[in-house]
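Asks: Sequence and predicted structure below; questions after.
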Amino acid sequence: MKLRSRVFGIIAAAALVSTTLTGCSSSNELIIATDLPLQGSSFDSNDSTNKAIELYLKQQGYKAGDFKVKLKIYDNATAAKGGWDDAQCAANAQAHVANKAEVAVMGTYNSGCAKIIVPILNQDPTGPMAMISDANTNPGLTKAWNPGEPEVYYPSGVRNYGRVCTTDDFQGAAAAQFAQSIGVKSVYVLNDTQTYGQGVGQAFTTEANKIGLKVLSSGANGEGWDAKQTSYEALFTKIKALSPDMVYVAGIFDNNGGQLMKDKVKVLGDNTKVKVMAPDGFTGYPEFNKMAEAEGVYLSFAGLSTDLLLANNPTGAGATFVAAYKAEYGVDPVGSYPLYGVAAVQIIMAAIAGSDGTRAGVQKAIFSGAGISISANDSVLGKAVALDPATGDTNAIDITIEQVKGGAETTVTAWTIK
């Protein structure tokens, strides 16, 4: 995706950003912001992430080292879009820079939004301002992927972005390998034409070709579907003539994924006849899971599912935290990304504690020297978590394979890249 020059000029729009501030207020407090889409189908999961972070900060007494902290919540979605919006992401970025008490951002959920926000925070004259994501998986944010990446996102020449989940070059490869393991021999790849969908579609296609799956779609990342279409019957009629064993749906459910699935089943039959697999852009959506057409769909998650995290360490910090979340809110967190949101905030809190309380100090704590690591005993992910200070990528390359059964995401297995 090319960054538009107008992204760097939307200062006035910062006044339109929707935010919520929680925590005790005092003149010497620092602010951690979250920047997530809180409208549309992804609301449930991202609302759970914000609630989980709020609970974690409460458990820490709203303190990181000698500093008091509070949480400010930003919404990068619009009602008109029904999901993240590029102009809103740009406005949020300017608002982060303008709010002098903010020292770091947890987010974003969508890689395309991150590609707008990161370079604006990177050019903050009092920073760069750090951003740690729970959910961005597009490789180009941190490593060579498309032309000019990742350098285009760091115009200052200094890194300020990291993530606690793994990337789509691993997720896409794992999905292709899993597909082959269950007997799939041919596959048609679709993508939602956004940064994330194209990236994971490219990774899946590359690995599928490498391991000998027959890729029936053309192009490096498959065929794009138009989120504004009211029907995909013609698309699937074309695909039906090729007799694929599987359709790989690279994208996010917000982009009319419900209609896409309805028409897939209508034309190609249920998911036992022609299998469907989708990446983590379809995880954490109760609306999707409850669809009759979603039954049997395989999913990949760019990390360990909450089920696996708890099974791996049933008495650890993650299990204790999930129990506390349920006691606080009366329900379990939706999807697996809320724990990754807390993991990202653990990195930020440790950086604040080891800094001088400035944006530059927090960024330096994460992206210089040995960087930041969270011990297995303390990590809500049940294992030690560290970010590479040179790239911002996590040391944990975890992938979970799931399947929709009975209206819910169920864990199939953790997948090790071959």
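Replies: Okay, I see it. Since the model is a prediction, treat every value here as computed from it, not as a measurement.
Asks: the helices in the stretch 1-150 of the chain, which residues?
Replies: Under the criterion DSSP state H, counting those that start in this stretch, the stretch 1-150 of the chain carries helices at the ranges 43-59, 86-98, 111-122.
Asks: Show me what the shortest one packs onto, helices and strands only.
Replies: Spelled out, that is helix 111-122. Contacts defined by 3 or more CB pairs under 8 Å, 6 or more residues apart in numbering; DSSP states H and E place helix 111-122 against helix 86-98, strand 102-107, strand 130-133, strand 161-163, helix 195-211. To be clear about C-beta, it is placed using only N, CA and C from the backbone, and glycine gets the same treatment.
Asks: Mean neighbour count, distance to residue 401 and mean pLDDT for these - can I get that in CSV?
Replies: As requested, the helices and strands packed on helix 111-122 are exported to CSV (neighbours: other CB atoms under 10 Å; distance: least, CB to CB, whole Å; pLDDT from 0 to 100):
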stretch, mean neighbour count, distance to residue 401, mean pLDDT
helix 86-98, 24, 31, 98
strand 102-107, 27, 26, 98
strand 130-133, 30, 22, 98
strand 161-163, 28, 21, 98
helix 195-211, 24, 13, 97
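Asks: if we can go back for a sec, indicate which one of the helices of the stretch 1-150 of the chain is closest to residue 131.
Replies: Smallest distance to residue 131 across the helices of the stretch 1-150 of the chain (CB to CB): 5.7 Å, for helix 111-122.
Asks: low-scoring stretches of the stretch 1-150 of the chain, by residue?
Replies: Along the stretch 1-150 of the chain, the parts satisfying pLDDT under 70 run over 1-27.
Asks: What separation do you get for the residue of the chain positioned farthest from its centre and residue 274?
Replies: In terms of distance from the mean C-alpha position of the chain, residue 241 ranks first, at 34.4 Å (CA atoms, centre = their mean). To residue 274, residue 241 is 12 Å away according to CB to CB, to the nearest Å.
Asks: what's the burial count for the closest residue to residue 406 other than its chain neighbours?
Replies: Leaving aside its chain neighbours, residue 406 sits nearest to residue 295 (7.8 Å; criterion: CB to CB, 6 or more residues apart in numbering). If you count neighbours by other CB atoms under 10 Å, residue 295 ends up with 17.
Asks: Roughly how far does residue 295 sit from residue 355?
Replies: In this view, residue 295 and residue 355 are 49 Å apart by CB to CB.
Asks: got any ranges where the stretch 151-300 of the chain has weak pLDDT?
Replies: Applying pLDDT under 70 to the stretch 151-300 of the chain flags no residue at all.
Asks: Just the strands from it, written as ranges.
Replies: Assigned by DSSP state E, counting those that start in this stretch, the stretch 151-300 of the chain shows strands spanning 161-163, 186-191, 214-215, 223-224, 246-250, 275-278, 298-301.
Asks: for the third one, the distance to its chain's centre please.
Replies: Here strand 214-215 shows a centroid-to-chain-centroid distance of 28 Å under the convention CA atoms, centre = their mean, to the nearest Å.
Asks: Check the first one too.
Replies: A distance of 11 Å separates the C-alpha centroid of strand 161-163 from that of its chain, computed with CA atoms, centre = their mean.
Asks: now do the longest one
Replies: In terms of CA atoms, centre = their mean, the gap separating the centre of strand 186-191 from the centre of its chain is 22 Å.
Asks: Note down every partner strand of it and its orientation.
Replies: Strand 186-191 has its sheet partners listed here by DSSP bridges as strand 214-215 (parallel), strand 223-224 (parallel), strand 246-250 (parallel).
Asks: Take the ones you listed and lay them out in JSON lines including distance to residue 313 and mean neighbour count.
Replies: Formatted as JSON lines, the strands paired with strand 186-191 follow (distance: least, CB to CB, whole Å; neighbours: other CB atoms under 10 Å):
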{"stretch": "strand 214-215", "distance to residue 313": "38", "mean neighbour count": "16"}
{"stretch": "strand 223-224", "distance to residue 313": "40", "mean neighbour count": "17"}
{"stretch": "strand 246-250", "distance to residue 313": "31", "mean neighbour count": "29"}
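Asks: Tell me which of those strands lies nearest to residue 400.
Replies: Here strand 246-250 is closest among the strands paired with strand 186-191 (CB to CB), at 16.8 Å.
Asks: Could you export that closest one as CSV, CA atoms only?
Replies: Coordinates of each C-alpha in strand 246-250 appear next as CSV, following Å, rounded to 0.1, in the frame of the first residue of the first chain:
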residue,chain,number,x,y,z
MET,A,246,-10.3,-25.8,-0.8
VAL,A,247,-11.0,-22.0,-1.0
TYR,A,248,-8.5,-20.0,1.0
VAL,A,249,-10.1,-16.7,2.1
ALA,A,250,-7.4,-14.1,2.9
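Asks: Alright, calling it a day.
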